[in-house]
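Undergrad: From the sequence below, what's the structure:
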Amino acid sequence: MDLGLRDRACIVTGASGGIGGATAELFAQEGAAIVLVGRREDRLGLVAQRCTELGGRALPLVVDLTAAEAGDRVVETCEQEFGRVDALVNTAGATAARSLEELTEEDWQRQWELNVLAPMRLMRAAAPLMAQSGFGRIVNISSSAGKRPSGTNLMPYSVTKAAELSLSRAFADLYAGQGVLVNAITPGPIGDDVWLAPGGLADQLAQKNQVSRNDVLERTAAGVPLGRLGSAQEIAAVIVFLCSERASNVAGAAWSVDGGSVPVII
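TA: Coordinates of the predicted model:
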């Protein structure tokens with residue numbers, strides 16, 4: 001299936017690995033040009049090399065997305081290097097397992113800046129340019145926790161991911177009539193660095209609950225109707241479809257890609 005992404009100019013944040021890296025590689029397979037945004041220069045370089053091998057063009061860009069000027073800088077770079085901005089994928093994010101008593105004001109502020117202000121600034125910069133050309137795709141990676149908030153260990157993450165869903169819908173309403181389609185995806189637990197890296201959520205929850213890392217992963221997988229964690233590639237496949245010409249009648253949606261974790265139809 002031709003997704004109509006050849007030579008499209010795409011921005012992917014959090015592109016140094018996980019969902020962002022997998023998304024960049026799928027864009028490259030479709031022949032797109034990608035600005036790879038992240039904080040780890042070495043990892044971005046490896047992803048850029050892989051994208052080139054797959055048939056795309058890739059430009060690594062090291063940026064702290066919580067900086068006030070980051071959104072403008074990223075979008076301007078894409079426009080200068082590739083001539084336009086056709087797609088924006090906001091995958092950058094991070095979290096930690098902490099109880100309400102352990103959370104600081106800085107923890108709350110950090111999650112707000114990363115999960116709400118950063119994508120807002122990028123959309124605010126990119127959407128008007130897309131509207132001028134009459135074509136644009138924006139996909140924000142929220143979380144199943146944004147649909148089913150967790151008050152146990154991920155409260156700031158859940159709250160800000162819910163806000164990201166509302167933000168996505170607000171931009172969708174504003175720009176759909178101008179050919180800019182804004183949607184969100186809500187993944188469940190994914191078998192990437194967030195969960196599996198040393199010191200990641202699996203290790204954090206194991207320490208908190210005084211169980212083994214394998215126990216945490218088994219319990220987490222058991223809570224998913226599919227019986228397993230998802231993969232970054234599975235999420236990326238949906239992202240790239242939503243950025244394609246084929247998704248021309250999808251706007252303001254929040255697609256669950258969570259193996260059935262959230263037991264409602266919305």
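Undergrad: name the element the nearest residue to G259 once chain neighbours are set aside belongs to?
TA: Distance criterion C-beta to C-beta, 6 or more residues apart in numbering; nearest residue to G259, sequence neighbours excluded, is L226 at 3.6 Å. (C-beta placed from N, C-alpha, C; glycine too.) Assessed by DSSP states H and E, L226 sits outside every helix and strand.
Undergrad: For the chain, which element, helix or strand, carries the lowest mean pLDDT?
TA: One helix or strand of the chain scores below all others by mean pLDDT, DSSP states H and E: helix 193-196, with a mean of 76.
Undergrad: Show residues contacting it.
TA: Helix 193-196 is contacted from outside by G17, G18, A94, T95, P189, G200, L201, A202, L217, T220, L229, using C-beta atoms under 8 Å, 6 or more residues apart in numbering.
Undergrad: what number of residues lie near the fifth one?
TA: Residues lying near P189 (other C-beta atoms under 10 Å) number 23.
Undergrad: Do I have it right that it meets V224?
TA: Yes: between P189 and V224 there is a contact under C-beta atoms under 8 Å: 6.9 Å.
Undergrad: Mind listing the shared neighbours of those two?
TA: Going by C-beta under 8 Å, 6+ apart, residues that sit against P189 and also against V224 are G230, S261.
Undergrad: So for the residue nearest to G259, what's the pLDDT?
TA: pLDDT recorded at L226 is 90.
Undergrad: What distance do you get for it to E105?
TA: 38 Å (C-beta to C-beta, to the nearest Å).
Undergrad: residue boundaries of the strands in the stretch 51-200 of the chain?
TA: 57-62, 87-90, 136-141, 180-187 (DSSP state E, counting those that start in this stretch).
Undergrad: Can you say which of these is nearest to T13?
TA: strand 87-90 (5.3 Å; C-beta to C-beta).
Undergrad: Going by contacts, tell me the helices and strands next to that closest one.
TA: strand 9-13, helix 18-29, helix 118-133, strand 136-141 (3 or more C-beta pairs under 8 Å, 6 or more residues apart in numbering; DSSP states H and E).
Undergrad: related to what we said a few turns ago, kindly indicate which of the contacts of helix 193-196 lies nearest R137.
TA: Proximity to R137 was ranked across the contacts of helix 193-196 by C-beta to C-beta; first place goes to G18, at 20.3 Å.
Undergrad: Could you list which residues are in contact with that closest one?
TA: Neighbour list for G18: T91, I190, D192, D193, V194, A232 [criterion: C-beta under 8 Å, 6+ apart].
Undergrad: What is the most widely separated pair among those?
TA: The widest separation within the contacts of G18 (C-beta to C-beta) is 12.1 Å, between T91 and D193.
Undergrad: With neighbour numbers in mind, choose between these two.
TA: T91 (28 against 18).
Undergrad: Would you mark the buried spots in stretch 171-180?
TA: F171, A172, Y175, Q178, V180 (16 or more other C-beta atoms under 10 Å).
Undergrad: Please narrow the residues you listed to those residing in helices.
TA: Taking DSSP state H as the definition of helices, the buried residues of stretch 171-180 contribute F171, A172, Y175.
Undergrad: First-to-last residue distance for stretch 55-64?
TA: Terminal residues of stretch 55-64 are spaced 28 Å apart (C-alpha to C-alpha, to the nearest Å).
Undergrad: Would you mind pulling the contact partners of that stretch?
TA: Residues outside stretch 55-64 that contact it (C-beta under 8 Å, 6+ apart): 15, 24, 27-41, 44-45, 47-48, 51-52, 70, 73-74, 77, 81-82.
Undergrad: Just the buried subset of those, please.
TA: Buried by 16+ other C-beta under 10 Å: 15, 24, 27-28, 30, 32-38, 44, 47-48, 51, 70, 73-74, 77, 82, out of those.
Undergrad: Out of those residues, which sit inside helices?
TA: If you go by DSSP H, these have A24, F27, A28, L44, V47, A48, C51, A70, R73, V74, T77, F82 in helices.
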